[in-house]
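**Student:** structure here, sequence nowhere to be found:
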């Protein structure tokens, strides 16, 4: 495991991390896109270690303004700029001779699912597949303020973009089904837990509206995972993504009664099941890559 800080082309210091299998060359490289307010450490640490022990190289970064990267905490001035930062960081890693020939997969959770899809839409032929956990292709209706409130917020956001005004329910309550794991969320001290900043909320809303319009442009192999009791991101839009995506190699797994945080907030048996589904999909698609390579 390695942790590094690196200044990107916009002059922003980015924190990123990698986990590699101990003895062997990785079967593939998995590039993680974290959720809103989150970080590539804490809850993801255990996931990354499991992936590495299953033979995968795992790479993750904190977006500007999140986790240990530079920037105003929880502030997304432009979602497109954030996606470009992710592309820049991950392109550098993929150009490394050590990883250059490996199949490369995106792995996005929640808002990171939207980041991964936007990365793919900007680089349609660059990736061998994507795993999307409860992807933010649409924010659940009862999480979005009313149309009138949204219009008012847009007006204020133009004047006070960094202001924390957006009303929000407790995300940990909505995301974590297992009560003990919900308590652990309090210890994730570098997570952003305050009310969303106005510009950030609007950028997320605009991005989900754009992705919802462009579902049919999604053309890479997909594994979509969603809890059917998720009240944070809408499982019906994962179904729509599955139906509309133009690739033939796509799989949708819905988990009964599961909430939003599939790999951090569910009872152990559900987490084990989700994990097994991810590993078997990765194994299958890594193998396909090598079989089709000249």
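**Tutor:** Noted; the coordinates are in hand. Bear in mind that the values here come from a model prediction, so they are computed numbers and not experimental data.
**Student:** in this structure, which spans are helices?
**Tutor:** 43-53, 79-95, 111-122, 147-159, 171-175, 179-184, 198-213, 235-244, 268-292 (DSSP state H).
**Student:** ranking the ones you listed by mean pLDDT, which is last?
**Tutor:** Comparing mean pLDDT over the helices of the chain, the weakest stretch is helix 147-159, at a mean of 71.
**Student:** who are the packing partners of it?
**Tutor:** For helix 147-159, the packing partners by 3 or more Cβ pairs under 8 Å, 6 or more residues apart in numbering; DSSP states H and E come out as helix 198-213. Bear in mind the C-beta positions are built from the backbone N, C-alpha and C, glycine included.
**Student:** just how off-centre is the helix it packs on within its chain?
**Tutor:** 15 Å (Cα atoms, centre = their mean, to the nearest Å).
**Student:** now the angle from that helix to helix 111-122?
**Tutor:** With axes from the mean of the first three to the mean of the last three Cα atoms, to 10 degrees defining the directions, helix 198-213 sits at 60 degrees from helix 111-122.
**Student:** can you mark which positions in helix 198-213 are buried?
**Tutor:** Residues 198, 199, 200, 201, 202, 203, 204, 205, 207, 208, 210, 211 are the ones in helix 198-213 that count as buried (16 or more other Cβ atoms under 10 Å).
**Student:** got these as TSV, with distance to residue 290 columns?
**Tutor:** Shown next, in TSV, are the buried residues of helix 198-213 (distance: Cβ to Cβ, whole Å):
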residue	distance to residue 290
198	47
199	44
200	41
201	43
202	43
203	39
204	37
205	41
207	34
208	35
210	35
211	31
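**Student:** gap between residue 120 and residue 179?
**Tutor:** Computed as Cβ to Cβ, to the nearest Å, the residue 120 to residue 179 distance reads 36 Å.
**Student:** repeat that for residue 69.
**Tutor:** 31 Å.
**Student:** quick one: which of those two has more around it?
**Tutor:** residue 69 (23 against 9; other Cβ atoms under 10 Å).
**Student:** contacts only, for the more buried one.
**Tutor:** Listed by Cβ atoms under 8 Å, 6 or more residues apart in numbering, the contact partners of residue 69 are 12, 13, 14, 15, 61, 62, 63.
**Student:** and which of the buried residues of helix 198-213 is nearest residue 135?
**Tutor:** Closest to residue 135 out of the buried residues of helix 198-213 is residue 211 (8.4 Å), distances taken as Cβ to Cβ.
**Student:** which residue packs closest to the closest one, ignoring adjacent ones?
**Tutor:** Once flanking residues are discounted, residue 211 sits nearest to residue 137: 5.0 Å by Cβ to Cβ, 6 or more residues apart in numbering.
**Student:** which residues touch that neighbour?
**Tutor:** Per Cβ under 8 Å, 6+ apart, neighbours of residue 137: 113-114, 117, 208, 211-212, 215, 233-234, 237-238, 240-241.
**Student:** on that earlier part again, dump the helices of the chain to CSV, plus distance to residue 191.
**Tutor:** Formatted as CSV, the helices of the chain follow (distance: least, Cβ to Cβ, whole Å):
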stretch, distance to residue 191
helix 43-53, 9
helix 79-95, 17
helix 111-122, 13
helix 147-159, 23
helix 171-175, 9
helix 179-184, 11
helix 198-213, 14
helix 235-244, 24
helix 268-292, 19
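**Student:** thanks a lot, see you next time.
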